[in-house]
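[1] Would you be able to build a 3D model of this:
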Amino acid sequence: MQPDASPWRRYVALGDSFTEGLNDPAPERPGEFRGWADRLAGHLAAAAGDDDLEYANLAIRGRLLRQVVEEQVPVALEARPDLVSLIAGGNDLMRPGADPDELAATLESAVVRLRAAGADVLLATGVDTRLTPILRRMRGKVAIYNAHIWSIAARSGAFVLDQWGADWILDRRMWDGDRIHLTEEGHRRIALAAAAALGLLGDQGEDWRRPLPPLPSRAFRAAVAEEAAWVRGVVAPWIGRRLRGRSSGDGRTPKRPVPLVLPRG
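    Here you go, the predicted model:
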C-alpha cells in the first residue's frame with residue numbers, strides 16, 4: 001500500500017538522544033546513528049510525490065527540556081519548517097525533584113511559538129516504565145506529563161505519538177542493553193507509528209503494531225546477573241555524570257543542523 005499524500009515539505013526534529021537516534025546504526029554512515037526521526041523523514045519524502053522533502057535534526061543526547069526549548073526551537077523557527085517534532089522531558093523526569101507540571105508549561109510555550117509560526121507539531125507521550133526496575137519509580141511523573149501532553153495537543157492542534165499506549169514497545173527486544181534507547185527494530189516501529197499519528201500509512205502497512213513472538217523465560221540467576229550488569233554499566237555512570245554536572249551530550253553538535261533535501265531511496 002502506498003502512503004497517503006503528505007502536505008509537509010520541510011521537517012525539523014528537536015529533542016534529545018531519543019530523536020538523535022541512539023542506538024540505531026546508520027548503514028551508510030559508519031559510526032553514526034539513524035533513528036526514528038530519520039526514518040520518519042524517509043516516509044515523509046516517499047509521501048511527498050514529485051516534491052522534495054527537506055529535513056534537519058537538531059537533537060542532541062542528554063539535553064533537558066529547557067535546553068531543547070532555548071537552544072533548538074529558535075534555530076528551528078529560523079528554518080521556517082512546516083512540520084516540527086518536539087519530544088523532550090524524559091531526561092528531566094529521571095532527575096530527583098522533577099516537576100511534570102513545570103515541564104508541561106515549558107513544553108506548551110514552545111508549542112505555541114511553533115504553531116504561531118505556521119508549523120505543525122508532533123509530540124510524543126513517554127513510555128510506561130512499569131516493567132523496568134528503578135525507572136518504574138518515575139512512572140507517576142511520566143503519567144502526569146503525558147496527560148499534559150494530550151491537553152497541550154488538544155489546545156494547540158498538535159499531533160501525538162502515543163508511546164504509553166503501545167504494548168509492543170514494552171518488549172525488551174525493542175530496547176538496547178541500556179534500557180533507555182531503542183534498538184533498530186524499535187526505531188523502525190516508532191517511525192511507522194509516528195507516520196500513522198500524522199495520518200500517513202507508510203509503505204509497510206501496520207506490522208509495527210504486532211507483538212514479537214514470545215521470549216523463553218530467563219533463569220533466575222541469569223536475570224539477577226543482567227540486572228547487576230545494568231546497574232554497574234548504565235545506572236552508576238549516569239549517577240556519576242549527574243554528580244559531576246556532566247552530560248553525555250557535552251561538546252556535541254547536531255548531526256543534521258540545517259534542512260537539506262533528503263535523497264530519494
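[2] Now residue 174. Nearest residue, chain neighbours left out?
    For residue 174, ignoring the flanking residues on the chain, the nearest one in space by Cβ to Cβ, 6 or more residues apart in numbering is residue 186 at 3.8 Å. C-beta coordinates here come from the backbone N, C-alpha and C atoms, glycine included.
[3] That neighbour and residue 145, how far apart?
    According to Cβ to Cβ, to the nearest Å, residue 186 stands 21 Å off from residue 145.
[4] For residue 10, which residues are in contact?
    By Cβ atoms under 8 Å, 6 or more residues apart in numbering, the contact list for residue 10 reads 53, 54, 55, 79, 80, 81, 82, 83, 259.
[5] Tell me which two of those sit farthest apart.
    Checked with Cβ to Cβ, those reach their widest spread between 53 and 80, with 14.6 Å between them.
[6] And the helices in the stretch 51-200 of the chain, which stretches?
    For the stretch 51-200 of the chain, helices defined by DSSP state H, counting those that start in this stretch occupy the ranges 65-67, 73-79, 90-93, 100-116, 139-156, 184-197.
[7] among these, which is nearest residue 27?
    helix 184-197 (9.8 Å).
[8] I figured the residue nearest to residue 174 hits residue 175, correct?
    Yes - counting by Cβ atoms under 8 Å, residue 186 does reach residue 175; the two are 6.4 Å apart.
[9] Look at those two and report which has more neighbours.
    Shown here are residue 186 and residue 175; by other Cβ atoms under 10 Å, residue 186 has more neighbours (22 against 19).
[10] in the stretch 101-250 of the chain, which ranges drop under the pLDDT threshold?
    179, 201-206, 218-249 (pLDDT under 70).
[11] So which of the contacts of residue 10 is the closest to residue 139?
    Comparing the contacts of residue 10 against residue 139 with Cβ to Cβ places residue 83 closest, at 30.3 Å.
[12] tell me the contacts of the closest one?
    8, 10, 11, 12, 44, 119, 120, 121, 122, 198.
[13] Just send those back as JSON lines, with distance to residue 167 too.
    Below are these laid out as JSON lines (distance: Cβ to Cβ, whole Å):
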{"residue": "8", "distance to residue 167": "29"}
{"residue": "10", "distance to residue 167": "34"}
{"residue": "11", "distance to residue 167": "28"}
{"residue": "12", "distance to residue 167": "30"}
{"residue": "44", "distance to residue 167": "26"}
{"residue": "119", "distance to residue 167": "31"}
{"residue": "120", "distance to residue 167": "27"}
{"residue": "121", "distance to residue 167": "26"}
{"residue": "122", "distance to residue 167": "21"}
{"residue": "198", "distance to residue 167": "21"}
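[14] Just among those residues, which is most surrounded?
    residue 12 leads the contacts of residue 83 on contacts (other Cβ under 10 Å) with 31 neighbours.
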